[in-house]
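Engineer: quick one, fold the following:
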Amino acid sequence: MTTVVVLCQPPRPGSVLTDLVATSPLSETEAAQLYAAMTTDIVRAVEHSGGELLLNYRDVDDEAEAEVREMVAAETEDPRCEVQVGETFSGIAGNTVTHLLETEEVVSAAIVEPSAAFLTRQVIDTAAMKLRRSEVVLGPTPSDGVYYAGFTDPIDFTDAYTAPPLETLTDRGLDSGYDVDFLQQLPVIETGADLAAALPLLRARERAGRIVPPHTMEAIREFGVAAVPGEDGLELRRE
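Structural biologist: Just a heads-up that it's a prediction; the model follows:
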């Protein structure tokens, strides 16, 4: 069983998906709604998989944990929640994975973020199978990032997510003498360009009766945005 750690924070307007707000028609409130929807879809995927969920949240104030729990209440009643420890993303991820593997002695631990809305139960279970043979399993994004990073043994996490994180994490695994394997490439939603690229895929899959992240899809429908051809590729516009 893999402990899947969702690094998240309370879905407050102005504090989440700020790059998406800066590069799309979405307001800060809409971005916060999308953030909550994507996080809930990831929780849904983990809860339906063979993995164990851990919400590792940013402790911004006394209300943070309650807001995180409320954010995902549609898919889980009493999730395990723990406060993030570390100053950087690499530090937070490293502290969490190392603690789980060495102190709690879990078999494997994985890091994901709310932007990985396309993560499914099948991908999580495939990763768990790969982690039986390889110490590091990474899920690549189209931009050389990672939507999933799984480990059975700690690596040197110092600046491990330095761009491009797919290469950096691979090198850290290899430097430790570990086998590194990869999952299928999946998109993430962090910017306006990401959302514009994801929209046609989401809508095509929905029309074809295929799996889509339901909470994310419902939120996007409410926003009334569409991906249309622009000078530099697809861009978002209000419908």
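
Engineer: and Leu53, what is it in contact with?
Structural biologist: Thr3, Val4, Val6, Val43, Val46, Glu47, Thr76, Pro79, Arg80 (C-beta atoms under 8 Å, 6 or more residues apart in numbering). Every C-beta, even on glycine, is put in place using the N, C-alpha and C of the backbone.

Engineer: looking at these, which are in helices?
Structural biologist: Using DSSP state H, Val43, Val46, Glu47 are the members of the contacts of Leu53 that sit in helices.

Engineer: just give me the closest of the contacts of Leu53 to Ala116.
Structural biologist: Nearest to Ala116 out of the contacts of Leu53 is Val6 (C-beta to C-beta; 9.0 Å).

Engineer: now do the same contact list for that closest one.
Structural biologist: By C-beta under 8 Å, 6+ apart, the contact list for Val6 reads Thr39, Ile42, Val43, Val46, Leu53, Leu54, Leu55, Asn56, Val112, Glu113, Pro114.

Engineer: by neighbours, which of those wins?
Structural biologist: Using other C-beta atoms under 10 Å as the neighbour criterion, Ile42 leads those with 30 neighbours.

Engineer: distance-wise, check that residue relative to Tyr35.
Structural biologist: Distance of Ile42 to Tyr35, given as C-beta to C-beta, to the nearest Å: 11 Å.

Engineer: identify the contacts common to those two.
Structural biologist: With contacts taken as C-beta under 8 Å, 6+ apart, Ile42 and Tyr35 have Pro114 as neighbours in common.

Engineer: in the contacts of Leu53, find the pair that's most separated.
Structural biologist: Greatest spacing in those, by C-beta to C-beta: Thr3 and Thr76 (14.6 Å).

Engineer: alpha carbons of stretch 170-178, as CSV, please.
Structural biologist: Provided in CSV are the C-alpha atoms of stretch 170-178 (Å, rounded to 0.1, in the frame of the first residue of the first chain):
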residue,chain,number,x,y,z
THR,A,170,15.5,11.1,-11.9
ASP,A,171,19.1,12.0,-11.4
ARG,A,172,18.7,12.0,-7.6
GLY,A,173,17.2,8.5,-7.8
LEU,A,174,20.0,7.3,-10.0
ASP,A,175,22.7,8.9,-7.8
SER,A,176,21.3,6.9,-4.9
GLY,A,177,21.7,3.7,-6.9
TYR,A,178,18.0,3.2,-7.4
